[in-house]
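**Q** sequence unavailable; structure follows:
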Ligand SMILES: Cc1cc2nc3c(=O)[nH]c(=O)nc-3n(C[C@H](O)[C@H](O)[C@H](O)COP(=O)(O)O)c2cc1C
Ligand SMILES: Nc1ncnc2c1ncn2[C@@H]1O[C@H](COP(=O)(O)OP(=O)(O)O)[C@@H](O)[C@H]1O
């Protein structure tokens, strides 16, 4: 773990489009080698968020002092003076001396894509996810209908939180800007359907607050399950208060809003 207060740097990050929190590292001797890493970044003991972490002297700008700086994904807040903790997950590449700031910015954009790919691990997980639904399953139909309706490419994804924790999300777009869970049971309404809805609402709100603060979260339900969301029911109010959208899948690719944004 790398710890240190967030201090001012050269003021170059934000104009480049990648603001970086510079750490006054408490134990410089314990630092790993120079490079660009995927890491998890937390402030004042709060929840950790994925970040790109650059360790090195910034040779592109002729720097001589080794710095540790973190560009936190999907965050925009003043971090100066706060205590940061960074856990490195994996090395993405070595530090390089680029010929121009533009070339560095291009590399940083590519680092960000690499980091997001690492976070939403690969094809295998996706294949497994689709298989879990079965070819004629209602979940598969729901996911395709949602992709169509919202104009995004939703797929099952496995998310790697970096500390060994992994979780499956039933539908997410490439950047996890949209996170979807589905409860597609049919037949008679039973209390277990309510429990599944609750578990999914918990999973979605937690994932948004700890990993993807900017994300839109959505629950898609069958007609049977939609009974959980009666107009006077507290679950309906909870979904609205927590910013969880609920859509009803009525079959044949059609969707209706039950709880809006
Ligand atoms: C993802 C990422 C990759 C980086 N890679 C390099 C690099 O290869 N070479 C380099 O000179 N600086 C690299 N940097 C550091 C930038 O030069 C530095 O963040 C920028 O100059 C802003 O510095 P400041 O926060 O002190 O203003 C990288 C920074 C980030 C966030
Ligand atoms: N997503 C983010 N990641 C890192 N820092 C951010 C982010 N959003 C806002 N900031 C703020 O911007 C500062 C970094 O901006 P930057 O232009 O790189 O200046 P400096 O050279 O002082 O680090 C951070 O210290 C933090 O207060």
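**A** Sure, I can see it. Just so it is clear, the model here is predicted, and its values are computed rather than measured. Ligands and ions are numbered 1, 2, ... in the order given.
**Q** next, count neighbours for residue 99.
**A** When neighbours are counted by other C-beta atoms under 10 Å, residue 99 registers 9. For glycine as for every other residue, the C-beta is placed from the backbone atoms N, C-alpha and C.
**Q** er, residue 232 actually
**A** Neighbours of residue 232 (other C-beta under 10 Å): 6.
**Q** so it: helix, strand or coil?
**A** coil (DSSP: H, G, I helix; E, B strand; the rest coil).
**Q** if I look at it, how far off is residue 243?
**A** Distance of residue 232 to residue 243, given as C-beta to C-beta, to the nearest Å: 20 Å.
**Q** the helix or strand that residue 14 is a member of - contacts with which helices or strands?
**A** Residue 14 belongs to helix 13-16 when assigned by DSSP states H and E. Contacts defined by 3 or more C-beta pairs under 8 Å, 6 or more residues apart in numbering; DSSP states H and E place helix 13-16 against helix 101-119.
**Q** just checking, what packs against the helix it packs on?
**A** helix 13-16, strand 35-43, strand 49-56, strand 83-93, strand 155-160.
**Q** partner strands of the third one and their direction?
**A** Based on DSSP bridges, the pairing partners of strand 49-56 within the sheet are strand 35-43 (antiparallel), strand 67-72 (antiparallel).
**Q** residue 143: which of the ones you listed is closest?
**A** When the strands paired with strand 49-56 are compared by C-beta to C-beta, strand 35-43 sits nearest residue 143, at 27.3 Å.
**Q** excluding sequence neighbours, find me the nearest residue to the closest residue to ligand 1 within the chain.
**A** Using C-beta to the nearest ligand atom, the closest approach of the chain to ligand 1 is made by residue 9 at 2.4 Å. Spatial nearest neighbour of residue 9, chain neighbours left out: residue 22 (3.9 Å); criterion: C-beta to C-beta, 6 or more residues apart in numbering.
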